[in-house]
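>>> What follows is a predicted protein model with its sequence.
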Amino acid sequence: MSEHLSQNPPVPRPVDGPDGDHDSAAALAGAAASPTSFLAGDHPGFDEARRAAAAITRATGVDRHRIAVVLGSGWGGAAELIGQTEHTLGLADVPGFHAPAVPGHNASIRSVRLADGSHALVFGSRTHYYESRDAQAVAHTVRTAAAAGAETVVLTNGCGGLDPQIAPGTPVLVSDHLNLTGTTPLLGPSFVDMTDLYSPRIRAIAREVDPTLTEGVYAQFAGPQYETPAEVRMAGRLGADLVGMSTALDAIAARHAGLEVFAVSLVTNLGAGIQSAPLSHHEVVAAGRDASARISELLARIIARL
């Protein structure tokens, strides 16, 4: 395996300047940063991501967005707290994106100025695998973030919990995942290491912000149907604490693109068979709405320290 990894390392990211000011080496040399310099290589989907990043750069006038944030169910309020929104783009106006298919998601991309003067790219929704059965479409968001200059991506989601002691409305840090979709956004001999995929550094920062935070393993199913009680029991026996229909494929693509990955889930319901009531998307949206203020503030405080 080490031989394979040495032949196919993750795509390198631009280095910080000598003063740690997040400028790329090209920018320090006086050259304009470009999506090609931020996202190198010829993997399928990279060209489309570069076109999307170029469109974002033209529309915002921002050469580099240092952090990317993908807002899942329940997390939309964080967009207002992360920093000052300077530009808002419609998703459908950016190459490769379309309006979200899931109620409760926002069809926008924001360019947000952070307190340190750098910028974050905030995606109001994501593409789910069940929308088209196309893992490349799922990966487009994080690849666009990489092409726009991001070093770190923050992934959020609403999910089902497998532990009855973790009540709906509780945020849980993702420490690892089980990809149960049967697919991957990577093609060809892309032997990318998935050890410590979910950044231990950022998880430590999150626990400093809120010492009550717990961690868990997230299992992604293909969806769109909710998991059966038997599937929930299977996921638990495999080591999962959380189940949902996103995040794992995004994280794989982000790691391949060289991004540092942080993910946090909002438990919106208990998994099938753990709670007696039938599952519904209305329940997910309601739980996110009830927890929105608290989890949005938490996420903003974590991002402020990145």
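That came through, no problem.

>>> Alpha carbons of stretch 52-59, in PDB - could you do that?
C-alpha atoms of stretch 52-59 as PDB (Å, rounded to 0.1, in the frame of the first residue of the first chain):
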ATOM      1  CA  ALA A  52     -16.900  27.000 -11.200                       C
ATOM      2  CA  ALA A  53     -14.100  28.500  -9.100                       C
ATOM      3  CA  ALA A  54     -13.300  30.900 -11.900                       C
ATOM      4  CA  ALA A  55     -16.900  32.000 -12.100                       C
ATOM      5  CA  ILE A  56     -16.900  32.600  -8.300                       C
ATOM      6  CA  THR A  57     -13.700  34.600  -8.500                       C
ATOM      7  CA  ARG A  58     -15.100  36.800 -11.300                       C
ATOM      8  CA  ALA A  59     -18.400  37.400  -9.400                       C
END
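
>>> So what's the gap between stretch 210-219 and the chain middle?
16 Å (Cα atoms, centre = their mean, to the nearest Å).

>>> can you dump the C-alpha coordinates of it into PDB?
In PDB, the C-alpha atoms belonging to stretch 210-219 read as follows (Å, rounded to 0.1, in the frame of the first residue of the first chain):
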ATOM      1  CA  ASP A 210     -17.400  23.200  23.800                       C
ATOM      2  CA  PRO A 211     -16.000  20.500  26.100                       C
ATOM      3  CA  THR A 212     -19.400  18.800  26.200                       C
ATOM      4  CA  LEU A 213     -19.100  17.700  22.500                       C
ATOM      5  CA  THR A 214     -18.900  14.000  21.800                       C
ATOM      6  CA  GLU A 215     -17.500  12.200  18.800                       C
ATOM      7  CA  GLY A 216     -18.900   9.400  16.600                       C
ATOM      8  CA  VAL A 217     -18.600   7.400  13.400                       C
ATOM      9  CA  TYR A 218     -20.900   8.400  10.700                       C
ATOM     10  CA  ALA A 219     -22.400   5.800   8.200                       C
END
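
>>> Can you mark which positions in that stretch are buried?
213, 216-219 (16 or more other Cβ atoms under 10 Å). Every residue, glycine included, has its C-beta placed from N, CA and C.

>>> Make CSV out of the residues you listed and add distance to residue 146, pLDDT and secondary structure.
Output for the buried residues of stretch 210-219, formatted as CSV (distance: Cβ to Cβ, whole Å; pLDDT from 0 to 100; DSSP: H, G, I helix; E, B strand; the rest coil):
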residue, distance to residue 146, pLDDT, secondary structure
213, 27, 98, coil
216, 26, 98, strand
217, 25, 99, strand
218, 21, 99, strand
219, 25, 99, strand
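
>>> wait, which of the residues you listed is closest to residue 161?
residue 216 (8.3 Å; Cβ to Cβ).

>>> residues contacting that closest one?
Applying Cβ atoms under 8 Å, 6 or more residues apart in numbering, we find residue 216 in contact with 163, 172-175, 240-242, 265.

>>> got those as CSV, with distance to residue 185 and pLDDT columns?
Below are the contacts of residue 216 laid out as CSV (distance: Cβ to Cβ, whole Å; pLDDT from 0 to 100):
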residue, distance to residue 185, pLDDT
163, 29, 96
172, 24, 98
173, 23, 99
174, 17, 99
175, 21, 99
240, 20, 98
241, 24, 98
242, 20, 98
265, 20, 98
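
>>> how near is the closest residue to residue 114 other than its chain neighbours to residue 121?
Counting by Cβ to Cβ, 6 or more residues apart in numbering, the nearest residue to residue 114 once its immediate chain neighbours are dropped is residue 83, at 4.4 Å. Going from residue 83 to residue 121 by Cβ to Cβ, to the nearest Å gives 11 Å.

>>> now swap in residue 246 and tell me
Distance from residue 246 to residue 121, by Cβ to Cβ: 18 Å.

>>> for residue 302, same thing?
Taking Cβ to Cβ, one finds residue 302 at 16 Å from residue 121.

>>> what about those two, which has more around it?
Each of residue 302 and residue 121 has its neighbours counted (other Cβ atoms under 10 Å); residue 121 has more, 27 against 24.

>>> That one against residue 65, yeah?
Yes. When contacts are counted by Cβ atoms under 8 Å, residue 121 is listed as touching residue 65 (3.9 Å).

>>> list residues touching both of those two?
Common neighbours of residue 121 and residue 65 (Cβ under 8 Å, 6+ apart) are 56, 111, 145, 148, 150.

>>> Show me what the residue nearest to the third one when sequence neighbours are not counted is bridged to.
Meaning residue 145. The shortest distance from residue 145 to any non-neighbouring residue, by Cβ to Cβ, 6+ apart, is to residue 68 (3.3 Å). Applying DSSP bridges to residue 68 gives these bridge partners: residue 121, residue 153.
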